[in-house]
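[1] got a predicted structure here, sequence first:
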Amino acid sequence: MTTALFIHGTGVREPGFSDLYGRFTAGLLEFAPDVRTASCYWGGELGARLGAGGLSVPYTGGRSRGGPDGEIGPADGPADGTELWADLYRDPLAELAAAAGSGAGSASGPGGSAELPLGAALPAERPRALLAALDGHVGDIARGAGLPAPYLAAAVAELAASAVLSGAGAAVPDDEELARLLARALTAAALAALLDADAPVVPDGAARDAAVAALSARMGARPEGSERGLGSALARPVLRIASHQVVRRRRALTEAAHPAAADVMLYLARGEPLRRRLREAVEELEPPVVVIGHSLGGIIALDALIASPSPRVALLVTVGSQAPFLYESGALPGLVHPEPLPEHLPDWLNVYDRRDLLGYVGAPLFPGRVTDVEVDNRQPFPAAHSAYWTNPAVYRAIAARLP
């Protein structure tokens, strides 16, 4: 009788493991009722933990560890605009849209009866008139602020075509204030594009503010105070994760994310205890054994079987695993690209969901040695990475290959 040995992935601890293993067992037995199941639980004893209780995390509890008498850390100090910029990087038009929607003012004044000066642009056209003042100067401004000129030029073109400008122009009567809003939107769009491109160097806050000041000045605003304005009073995006709140809660966030991230780092640095735990679990079972590893569990299983042949194991199954990616990147401990898989490695079935950004394919790297099976968990990432074990297609694929 075949035994299916399940090895879990990152961040799994009790009581979550028992729930996961119970779901795995029920799902597999539905398609392979004669199979026996066993588990290799390593998270509780061998998983990563903060050995000193989080002493490496700065500003734990909102106070600096280094200051005298519990000195308040910078995250608790006065707002420096970082929170607003976090919003703008997610949506460079957020501040302009908030201004347009707030009805902060009107070009005709409170009573709606004031006349526009002769030759003045209509309220809806004022933002584009201000942007026109940047023509021919974008390259110099970008170089002065350390921004790639093409990113800033693209931001100007996209903003000039945006439908939000008309509402912002009508709502913000002061040209200097409007210029600063436009300057922040342009700078945020350029930096957001830079971040999306995974640029190795990104301007710091001082360079960013210099770009805002230069853009504002070119559009007619006085440089002093160019980093202020409507700012946080108008910017109220629905999806907001304020930077100062994240820093204040850093220990809680670190502890919540720590097991998943640190398990991977711990394994790559010192993975032999986990591989040994799996080999010991295999030796306790009657063959044939099928090792089924999810995420990091698949990496551990592949590495263990590469390093030490096990005649008991007839099939390796990896589900949502990064093992092929680590191999191609040169980071898989047991095998370095372009070395081939050893002949003693058993058949390898690799299950993945293309929406799972942590699931990779192995057949292109190991032709004839890996069978990739795609499933659709019908979930976006990151939910897709944990949804395999409620998808019948996963168990169906495994059951079809059982010895």
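    The structure has been received and is ready for your questions.
[2] alpha carbons only for contacts and neighbour counts from here, please
    OK.
[3] which residues in the protein form strands?
    Secondary structure of the chain (DSSP state E): strands located at 3-7, 36-40, 289-294, 313-319, 347-352, 370-374.
[4] tell me what angle the second one forms with strand 289-294.
    Going back to what we said before, that points to strand 36-40. Relative orientation of strand 36-40 versus strand 289-294 (axes from the mean of the first three to the mean of the last three Cα atoms, to 10 degrees): 50 degrees.
[5] so which residues make contact with strand 36-40?
    By Cα atoms under 8 Å, 6 or more residues apart in numbering, the list of residues contacting strand 36-40 from outside reads 1-8, 21, 25, 277-278, 281.
[6] separation between the nearest residue to residue 262 once chain neighbours are set aside and residue 312?
    Ranked by Cα to Cα, 6 or more residues apart in numbering and with sequence neighbours excluded, the top spatial neighbour of residue 262 is residue 48, at 5.7 Å. For residue 48, the distance to residue 312 (Cα to Cα, to the nearest Å) stands at 29 Å.
[7] these two - which one has more neighbours?
    Shown here are residue 48 and residue 312; by other Cα atoms under 10 Å, residue 48 has more neighbours (20 against 15).
[8] next one, pLDDT for the more buried one please.
    You'll see residue 48 listed with a pLDDT of 88.
[9] are any of the contacts of strand 36-40 buried, and which?
    Buried subset of those (neighbour count, 16 or more other Cα atoms under 10 Å): 2, 3, 4, 5, 6, 7, 8, 21, 25, 277, 278, 281.
[10] follow-up on the earlier one: got the strands of the chain as TSV, with distance to residue 388 columns?
    Shown next, in TSV, are the strands of the chain (distance: least, Cα to Cα, whole Å):
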stretch	distance to residue 388
strand 3-7	13
strand 36-40	17
strand 289-294	9
strand 313-319	8
strand 347-352	9
strand 370-374	11
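[11] of all the ones you listed, which one is nearest residue 177?
    Distance to residue 177, taken as Cα to Cα, is lowest for strand 347-352 among these, at 51.3 Å.
[12] by how many degrees do the closest one and strand 289-294 diverge?
    Using the same axes, to 10 degrees: strand 347-352 against strand 289-294 is 20 degrees.
[13] ok so, going back, and which of the contacts of strand 36-40 is nearest residue 96?
    residue 8 (47.1 Å).
[14] for residue 348, what are its contacts?
    Contacts of residue 348 (Cα under 8 Å, 6+ apart): 315, 316, 317, 318, 369, 370, 371.
[15] likewise for residue 350?
    Residue 350 touches 317, 318, 319, 320, 321, 361, 362, 370, 371, 372, 373, counting by Cα under 8 Å, 6+ apart.
[16] touching, the second one and residue 292? I think so.
    Put plainly, it is residue 318. Yes: taking Cα atoms under 8 Å as the definition, residue 318 is a contact partner of residue 292 at 5.9 Å.
[17] residue 210: neighbour count?
    Residue 210 - counted by other Cα under 10 Å - has 21 other residues nearby.
[18] repeat that for residue 195.
    Neighbourhood size, residue 195 [other Cα under 10 Å]: 14.
[19] and it, how far from residue 147?
    Counting by Cα to Cα - residue 195 and residue 147 are separated by 12 Å.
[20] likewise residue 11?
    39 Å.
[21] biggest helix in this protein by residues?
    Looking only at the chain and at elements set by DSSP state H, the helix with the highest residue count is helix 175-196.
[22] give me the contacts around it.
    Outside helix 175-196, the residues that reach it (Cα under 8 Å, 6+ apart) are 85, 88-93, 95-96, 126-127, 130-131, 147, 151-152, 154-156, 159, 168-169, 172, 202, 208, 211-213, 215-216, 219-222, 226-230.
[23] quick one, which of these are buried?
    The neighbour count (16+ other Cα under 10 Å) marks 85, 88-89, 91-93, 95-96, 126-127, 130-131, 147, 151-152, 155-156, 159, 168-169, 172, 202, 208, 211-213, 215-216, 219-222, 226-227, 230 as buried among the contacts of helix 175-196.
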